[in-house]
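Chemist: no letters, just coordinates:
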Ligand SMILES: *Cc1c(COP(=O)(O)O)cnc(C)c1O
C-alpha cells in the first residue's frame, strides 16, 4: 500500500476502506473467498506490464520468454491438480471460459441443454440475456421439485428429446454432489458433447471433497477465485483432442493479450491447492457447511434438500415468513453478507426469491470452525426471526463484529 498512498491517496484510501470492510464483515456469499498474500502479490506484480498475445513458443510480441515459462508452469500445475490432458489458463473469467467452449465446438443455432437458472444453473449456459442464449438454442433441465435433486433419468430423457449438441452440468447453488459420471454417460450414449462447469466446486474437487469430472467429462470450465481461492479469473481443461480448437477460441477468437500477472497468480493458487493444508481446508469447508445446515435446521429453518454435501446450502424461507430480499437486507445490516436465492423447483426469479444462499469458503479461510458455525446459525436465526427489530439487529451486529475481530482476514 505505501506506493499507492504516496502517489494516489484517493485510491489508496478507497482500497483501505474496502480492506477494512472485508475485515469487519463476514461474507457467507458462496462464491467469495480471500486470496493469499502470495496470490495477491503475483496478481500485483510487474507481469501486468507485458503483452504476450499467443501461447508459449508462439507469441506475437518479443520478450515473452519468461511469460512462456509462467504460462507453461500454470498449465502444467492445473492439469496435475485436476488430472486433465490440456489446460488453457488465459480466460479472463468463468464467463469467457464458457463462451470459448461454445465458440470452439458449436455452430450458431446449435442446441444446448443446461440446468434452469432458477434451479441453480448459470446465465452463461444459454440465458436469453447472455450471448450464449442469442447464438445457441438453449433447452433446460431442472431439479426434481419433490426432492430438489437432479434426476438423471429425466435428464437422459431430455437429451433424447432435445438432441442437444452440448450437455452442460454444474451450477451456482446446487448443494448436493453432482454425478459427473452419470452426465458423461448420458452424453456419450446420445453422441453429445459434455461440459462440466466447476466454477463453484473447483476447490472441493482439488481438495478431494467432491468427485472430479476429469476423465469422464471431456470439457471442463472453472473460475479460479471461488472455492479454489486464487485470483479472479477462469480456466478451461479438456481432453487433448480438443486442445487446438479450445486454444484458438480463447485467443484470437474471444480475447486479446493474456493477463500474465493473473496467470502467475493462477500458478501460485494451484501450488497452494496441492498442499495437505488445502486438502484440510476444503474438508473443513464442507464440514462447516454441514454444521451450519444442521444447526439452522435445529433452529427451525429448512435447508433445501435437507442439508448439503458441498460448501453451500440454500435456506428455504417459505415457512419462516420472510422473503429472500428481506433476509438479505437484515443479514447485511447485521454485518453478514449472503445473497437471496430462488428455491429450486419453484420457478422463482431473483426478485421473488424465497431462499437465501449460505456458503462457508470465506469464513473457513478466516479459520472459523464448527463452534463458530453454531454461533453463526444462532445469530442468523435470531436475525431472520426479527428482521425489522433495530435493537436485535444491533446486538447481532456487535456479535458479528467480535467474531470478525477474532478471525481476521490474512492474519
Ligand atoms: C461464477 C460462475 C461463473 C462465472 O464466473 P465469472 O468469473 O464471474 O464470469 C460461471 N459458471 C458458474 C457455474 C458460476 O457459478
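Modeler: Okay, I see it. Computed from a predicted model, the values in this text were never measured in an experiment. Residues are numbered from 1 along each chain as shown.
Chemist: just want the residue of the protein that's nearest the ligand.
Modeler: At 2.6 Å from the ligand, residue 94 is the closest residue in the chain, using CB to the nearest ligand atom. To be clear about C-beta, it is placed using only N, CA and C from the backbone, and glycine gets the same treatment.
Chemist: which positions in this structure make contact with the ligand?
Modeler: 31, 93-95, 122, 124, 170-172, 197, 199-200, 223, 234 (CB under 6 Å from any ligand atom).
Chemist: can you rerun that using 5 Å?
Modeler: 93, 94, 95, 122, 172, 197, 199, 200, 223 (CB under 5 Å from any ligand atom).
Chemist: which single one of the residues you listed is nearest to residue 316?
Modeler: residue 172 (16.7 Å; CB to CB).
Chemist: I figured the closest one hits residue 31, correct?
Modeler: Yes: under the criterion of CB atoms under 8 Å, residue 172 makes contact with residue 31 at 7.1 Å.
Chemist: give me the common contacts of these two.
Modeler: Both residue 172 and residue 31 are contacted by 199, 200, under the criterion CB atoms under 8 Å, 6 or more residues apart in numbering.
Chemist: picking that back up, report the contact partners of the closest residue to the residue of the chain closest to the ligand other than its chain neighbours.
Modeler: Of all residues not flanking residue 94 in the chain, residue 223 sits nearest, at 3.8 Å (CB to CB, 6 or more residues apart in numbering). Residue 223 makes contacts with 31, 93, 94, 97, 199, 202, 232, 233, 234, 235, as judged by CB under 8 Å, 6+ apart.
Chemist: okay, and which of these map to helices?
Modeler: Secondary structure assignment by DSSP state H places 94, 97, 202 of the contacts of residue 223 in helices.
Chemist: and residue 144, how many neighbours does it have?
Modeler: Residues contacting residue 144 under the criterion other CB atoms under 10 Å number 14.
Chemist: quick one: it from residue 200, how far?
Modeler: 20 Å (CB to CB, to the nearest Å).
Chemist: ok, now residue 107?
Modeler: In this view, residue 107 and residue 200 are 29 Å apart by CB to CB.
Chemist: more crowded one of those two?
Modeler: Taking other CB under 10 Å, residue 107 and residue 200 do not tie; residue 200 has more neighbours (29 against 9).
Chemist: the more buried one against residue 171, yeah?
Modeler: Yes: in this structure, residue 200 is within contact of residue 171 by CB under 8 Å, at 7.3 Å.
Chemist: just to revisit the earlier point, in CSV, list the contacts of residue 223 along with distance to residue 342.
Modeler: Below are the contacts of residue 223 laid out as CSV (distance: CB to CB, whole Å):
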residue, distance to residue 342
31, 16
93, 23
94, 20
97, 24
199, 18
202, 23
232, 25
233, 27
234, 24
235, 28
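Chemist: pLDDT added to those residues, as TSV?
Modeler: Shown next, in TSV, are these (pLDDT from 0 to 100):
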residue	pLDDT
31	98
93	98
94	98
97	98
199	98
202	98
232	98
233	98
234	98
235	98
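Chemist: tell me the pLDDT of residue 30.
Modeler: At residue 30, the model reports a pLDDT of 98.
Chemist: tell me who's in contact with the residue lying closest to it once chain neighbours are set aside.
Modeler: Once flanking residues are discounted, residue 30 sits nearest to residue 359: 2.5 Å by CB to CB, 6+ apart. Applying CB under 8 Å, 6+ apart, we find residue 359 in contact with 28, 29, 30, 31, 32, 289, 311, 312, 313, 338.
Chemist: which of those residues fall within strands?
Modeler: Members of those lying in strands (criterion: DSSP state E): 312, 313.
Chemist: out of the contacts of residue 359, which comes closest to residue 206?
Modeler: Distances from residue 206 to the contacts of residue 359, taken by CB to CB, are shortest for residue 311, at 12.4 Å.
Chemist: please report how far the closest one lies from residue 289.
Modeler: Using CB to CB, we find residue 311 at a distance of 5 Å from residue 289.
Chemist: what's the overlap in contacts for these two?
Modeler: 359, 360.
Chemist: neighbours of residue 168, how many?
Modeler: 30.
Chemist: what residues are up against it?
Modeler: Contacts of residue 168 by CB under 8 Å, 6+ apart are 112, 113, 114, 115, 121, 125, 126, 194, 195, 196, 197.
Chemist: and it, that's in a strand?
Modeler: Yes: assessed by DSSP: H, G, I helix; E, B strand; the rest coil, residue 168 belongs to a strand.
Chemist: show me what the longest helix anywhere in the chain is packed against.
Modeler: Ranked by residue count and defined by DSSP H, the top helix of the chain is helix 276-298. Secondary-structure packing of helix 276-298 (3 or more CB pairs under 8 Å, 6 or more residues apart in numbering; DSSP states H and E): helix 202-206, strand 302-303, strand 312-316, strand 355-359, helix 361-365, helix 370-385.
Chemist: what's in contact with the second one?
Modeler: The one in question is strand 302-303. Residues outside strand 302-303 that contact it (CB under 8 Å, 6+ apart): 175, 293, 296, 297, 313, 314, 315, 316, 318, 319, 320.
Chemist: on that earlier part again, residue 409: which of the contacts of residue 168 is nearest?
Modeler: Distance to residue 409, by CB to CB, is smallest for residue 197 among those, at 27.9 Å.
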